[in-house]
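1. Got a predicted structure here, sequence first:
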Amino acid sequence: MRLGFNFWLGASLTALVILAGALAPWIAPFDPVLDADLMSSELPPDATFWFGTDAQGRDVYTRILYGAQISLTVGIVSQVINSIIGITLGMTAGYWGGWWDDLVNGLTNVMLAIPSLIFALAVMAVLGPGLPSLLVALGLTNWSWTCRIARSSTLSLKSQGYVQAAQTLGYGDLRIMFTQILPNMMGPILVMATLGMGSAVLSEAALSFLGLGIQPPFPSWGSMLTDARQLIQLAPWVAIFPGLAIFLSVLGFNLLGDGLRDSLDPHMRTRKP
Amino acid sequence: MTAPLLDIRDLRLGVSLGRSAQHPLLKNVSFQIMPGEAYGLVGESGSGKSVTSLAVMGLLKKPLAVSGGEILFKGKNLLALPKREMRRLRGNRIAMIFQEPMTALNPLSTVGRQIAEMFVLHQGKSWGEAHTLAVEALGNVRVPNPDRRAKNYPHQMSGGLRQRVMIAMALACNPDLLIADEPTTALDVTVQAEVLRLIKELCAARGTAVLFISHDLGVIASICQRVGVMYAGCLVEENETRALFENPRHDYTRGLLGALPRLGSRSEHGRQRLVDIDSIIADRSKLTETRFITPRDAQGSQP
Amino acid sequence: MTAPLLQVDDLHVRFPISGGGLLGAGRRMLHAVNGVSFSLAKGECLSIVGESGCGKSTTALSILGLQEPTAGTIRYRGQPLTGPGAPSRMQRAKAVQMVFQDPYASLNPRQSVRTSLAAPLRLHGITAASEIEGRIEAIMKNVGLTPEQARRYPHEFSGGQRQRIGIARALILEPEIVVLDEPVSALDVSIRAQIINLLLDLQEKLGLSYLMISHDLSVVEHMSDRVLVMYFGEVVEEGGWRAIFETPAHPYTRRLIAAIPDPDAALSPHAREDRFADIPLLAGRRFVADGSTAPDVFTAPAPSELVEVAGDHRVRLASV
């Protein structure tokens, strides 16, 4: 199987983020929270502080390594929750139709009508701040597009001969959904999920900024970016490096998603006869 | 001897792959259509029959490109014609009908208006005159209640009626050549029979030549005077329709004809197995090496 | 006489069509199948012919259990396939299978041929690897492919080969009845003969019963033992293939046959409409629908009955 350059670039970027997060306690030169020193605040990048320091004098490089843990967890977990909810609702609604389809459609429309950040805010207000409630809030708010894609893919796949053949061969409904329909709609779903990872990282930033996400002083890329707003002219490195981290990881997720979609497609896997 | 209306000479075209490489789709195809003649191109998917028609219409899209040869229409080479003149010819002197009329009709405009547009565009008529002519044209293709039907949108019509509307549009300006690309493949058999009869009668009455493209030998036999058989981008056999069906000379033509269950043959011969084309043709790659093109003059001496 | 393999009695299928009004206002019932009855014997090929919208596909889907009939019974070896006490999808699968029209849409592009053939076997309790391999090997050979080709994915095959795989999948559970839905109409002309020959060979070899749905009357004449002609949900004529093709009684059947673009007929000096001119229409009786105008599909059809015109040859006439 030959995978393209894009896949490997995406995989490398994603691996880099995962390694950064996982190895942060060992490779970070400082402590992300405790090594605050107002005397060395807002220093530009140099040999000691590779990415400079922030307003409290903490090493930006260290905080980005630790922030990767939060961003990755938020991006992956929230998208897994979103995809599970979206696929389950969309696929069953498209397959069974009837009142269930009407209900799911109504629910999807309501979710699309409410701005997701407002909804996430409401969930956070009920659950209280912190990482677990952040994951639940982001996981519950962004499934509507996945659901729509899953539903429309199911509707078109349902009329394909091989789905009807599976019915005549005695397959049950759930087996048909998971063996015949789901694998054939994974392409767009994966792309949706990787795009969603990027927006989840950004939503986390917004919620953290409002004080409902990751509680300071613990770092996340989003909260670092929002903290850097006032310093953007005085100390641009405080904003540039977290921004670059978000950009590169979102790019990595998207390229990886594209590559996975291609590699899951048997047309790409084998030679033409 | 009269000059041919359409004279395709050594037409070569293919899919461009990169800068200079080309994957050939048509290999030196040559044939002529006389004024008023119905010429059939028969072949299977990928044989190149549809790209031939697109080349004549000047509608080849990007990776497809002509790499050699000439398409002479009334003596003028269409391939060398400026875009603007080609546009003036299209729809006016050369018209085309497609397999799926729904995709060729504008869903947001009434069929009456779409036919009228042809008169406005190509003959400079006013919208009022054009509308009267459009209703008349619908009547000519035997659409019942043409007055009322002219106000319909395409989705309000059945497939057969839509194909009639397409024919009315195509014949609106009395073109010299009508290209019909599988125009009845999507229709039911009884509707197909009516549409075929319509094309045949209208074109005969107006002296319109037809380039009829189909995979169905029966359809070709019922409408065309002369038939070309295409295989893998080559015209492998060409003859008068009757001679071709009665005395096929190329292995591929023979295989195609034998592969078809013929109505009535079971009561004569019983349920025998059909001729498997691969049992006639040992090596498909050699098929394009021989060609049987019977010249037009020869058929005059035949009985 | 033994009981027929499949017995369909007075099958009705109606679909609700929403009229666009609120709360179901303007909802009408589309009468897709109206009182269709027929039986299929072991080893027989019965064809249902008609044009789009005549109800032939809906009838086939009812038999496959993919469409719930509104009324009527379908019996397989005397056991009802519909209503309470109907067998599960699993049990039905061993009785009736289907070969689809479009070979490109009928195979899951993400499953190798082997997976497509092995999964149903496992589902039906055949789990021994050696038996699965044996069955796959046998079926691949039966449809004219090599067992090694089972490792490939559908896109690596041509249209004709895909249709062979579709046939293999339909036969893997060894059903007695195979529904053929326009089995060759999506194939290239030169491939059709091979698939028709294969279907006839398999029928002889395995003693299969075919229920073929088709609009291609040349193929129907070639393959069928008996023919049902359907028009707007009703059977308008039924009989042996010879009766239908040589002495058709219903004007719609005659129109269908005359409309076939057949090279011999097109080139013969006699107009095709004349072919049946010397066969008299039934004098004194009225045809309910003669095919010249489309009936209203939203009302139940006018009362009519199938009248025997010769042994095993019936035609629908208006009730007196």
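-> The structure has been received and is ready for your questions.

2. residue ranges for the helices of the chain, please.
-> In the absence of a named chain, chain A is used. Listed in chain order, the helices of chain A (DSSP state H) span A:5-27, A:60-96, A:98-113, A:116-127, A:131-141, A:144-158, A:161-168, A:173-176, A:182-209, A:221-227, A:237-264, A:266-269.

3. oops, I was thinking of chain B
-> So, for chain B - with DSSP H - the helices run B:49-57, B:83-89, B:101-104, B:111-123, B:127-140, B:146-149, B:159-171, B:189-206, B:217-223, B:241-246, B:251-258, B:265-269, B:277-280, B:296-301.

4. Same list (these) but as a markdown table, adding distance to chain C.
-> The way it works is simple: take the backbone N, C-alpha and C, and place the C-beta from them, glycine included. Below are those laid out as a markdown table (distance: least, C-beta to the nearest C-beta, whole Å):
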| stretch | distance to chain C |
| --- | --- |
| helix B:49-57 | 12 |
| helix B:83-89 | 31 |
| helix B:101-104 | 14 |
| helix B:111-123 | 20 |
| helix B:127-140 | 20 |
| helix B:146-149 | 16 |
| helix B:159-171 | 8 |
| helix B:189-206 | 4 |
| helix B:217-223 | 3 |
| helix B:241-246 | 5 |
| helix B:251-258 | 6 |
| helix B:265-269 | 6 |
| helix B:277-280 | 4 |
| helix B:296-301 | 15 |
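
5. Ranked by average pLDDT, which of the helices of chain A falls at the bottom?
-> Per-stretch mean pLDDT for the helices of chain A is lowest at helix A:266-269 (a mean of 61).

6. how much space between the closest residue to chain B within the stretch 51-200 of chain A and A:Ile181?
-> Going by C-beta to the nearest C-beta, chain B is nearest to A:Ser159 of the stretch 51-200 of chain A, at 17.8 Å. From A:Ser159 across to A:Ile181, the span is 11 Å (C-beta to C-beta, to the nearest Å).

7. Which one's more surrounded, these two?
-> Each of A:Ser159 and A:Ile181 has its neighbours counted (other C-beta atoms under 10 Å in any protein chain shown); A:Ile181 has more, 24 against 9.

8. just checking, the more buried one touches A:Ser156?
-> No - judged on C-beta atoms under 8 Å, A:Ile181 makes no contact with A:Ser156 at a distance of 10.0 Å.

9. Nearest the geometric middle of the chain, what residue?
-> Here I'm looking at chain A. A:Met197 (1.7 Å; C-alpha atoms, centre = their mean).

10. Please refer instead to chain B.
-> By C-alpha atoms, centre = their mean, chain B has its centre lying nearest to B:Phe212, at 2.7 Å.

11. which ones are touching it?
-> B:Ala38, B:Tyr39, B:Gly40, B:Leu41, B:Ala180, B:Ile199, B:Val219, B:Ile220, B:Ile223, B:Cys224 (C-beta atoms under 8 Å, 6 or more residues apart in numbering or on different chains).

12. nearest to chain C, of the helices of chain A?
-> Per C-beta to the nearest C-beta, nearest to chain C of the helices of chain A: helix A:161-168, 3.0 Å.

13. does the closest one come close to chain C?
-> Yes - using C-beta under 8 Å from any C-beta of the partner chain, helix A:161-168 reaches chain C at A:Gly161, A:Tyr162, A:Gln164, A:Ala165, A:Gln167, A:Thr168.

14. Kindly present those residues as TSV, with separate columns for neighbour count.
-> As requested, the residues of helix A:161-168 next to chain C are exported to TSV (neighbours: other C-beta atoms under 10 Å in any protein chain shown):
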residue	neighbour count
A:Gly161	20
A:Tyr162	25
A:Gln164	21
A:Ala165	25
A:Gln167	21
A:Thr168	24
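
15. Give me the subset of these that also touch chain B.
-> Of the residues of helix A:161-168 next to chain C, not one also sits near chain B (C-beta under 8 Å from any C-beta).

16. Check which helices and strands the helix or strand of chain C with the lowest mean pLDDT sits against.
-> Least confident helix or strand, chain C: helix C:263-267 with a mean of 74, by mean pLDDT, DSSP states H and E. Counting contacts by 3 or more C-beta pairs under 8 Å, 6 or more residues apart in numbering or on different chains; DSSP states H and E, helix C:263-267 is packed against helix B:217-223, helix B:241-246.

17. Check the offset of the longest one from the chain's centre.
-> Its chain's C-alpha centre lies 12 Å from the corresponding centre of helix B:217-223 when counted by C-alpha atoms, centre = their mean, to the nearest Å.

18. hmm, who's touching it?
-> Applying C-beta under 8 Å, 6+ apart, the set of residues contacting helix B:217-223 from outside is B:38, B:40, B:42, B:184, B:192, B:196, B:199-200, B:210, B:212, B:214, B:227, B:241, B:245, B:256-257, B:260, C:189, C:260-263, C:265-267.

19. and it, what's its mean pLDDT?
-> Taken as a whole, helix B:217-223 has a mean pLDDT of 90.

20. do you know how far the closest residue to B:Asn106 other than its chain neighbours is from B:Ala170?
-> Distance criterion C-beta to C-beta, 6 or more residues apart in numbering or on different chains; nearest residue to B:Asn106, sequence neighbours excluded, is B:Gln114 at 6.0 Å. According to C-beta to C-beta, B:Gln114 and B:Ala170 sit 12 Å apart.

21. now do C:Ala150
-> From C:Ala150 to B:Ala170 the distance is 48 Å (C-beta to C-beta).

22. ok, now B:Arg266?
-> 39 Å.

23. Neighbour count for these two, which is higher?
-> Comparing B:Arg266 with B:Ala170 by other C-beta under 10 Å, the one with more neighbours is B:Ala170, at 26 against 19.

24. what pairs with B:Ala95 across the strands?
-> For B:Ala95, the beta-bridge partners are B:Leu178 (DSSP bridges).

25. That one: neighbour count?
-> 25.

26. quick one, strands of the stretch 51-200 of chain C?
-> C:71-76, C:79-80, C:96-99, C:177-181 (DSSP state E, counting those that start in this stretch).

27. Packing partners of the first one?
-> The helices and strands touching strand C:71-76, judged by 3+ C-beta pairs under 8 Å, 6+ apart, are strand C:6-17, strand C:28-40.

28. can you put these in JSON lines and add mean pLDDT and mean neighbour count?
-> What follows is these, written out as JSON lines (pLDDT from 0 to 100; neighbours: other C-beta atoms under 10 Å in any protein chain shown):
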{"stretch": "strand C:6-17", "mean pLDDT": "90", "mean neighbour count": "18"}
{"stretch": "strand C:28-40", "mean pLDDT": "90", "mean neighbour count": "19"}
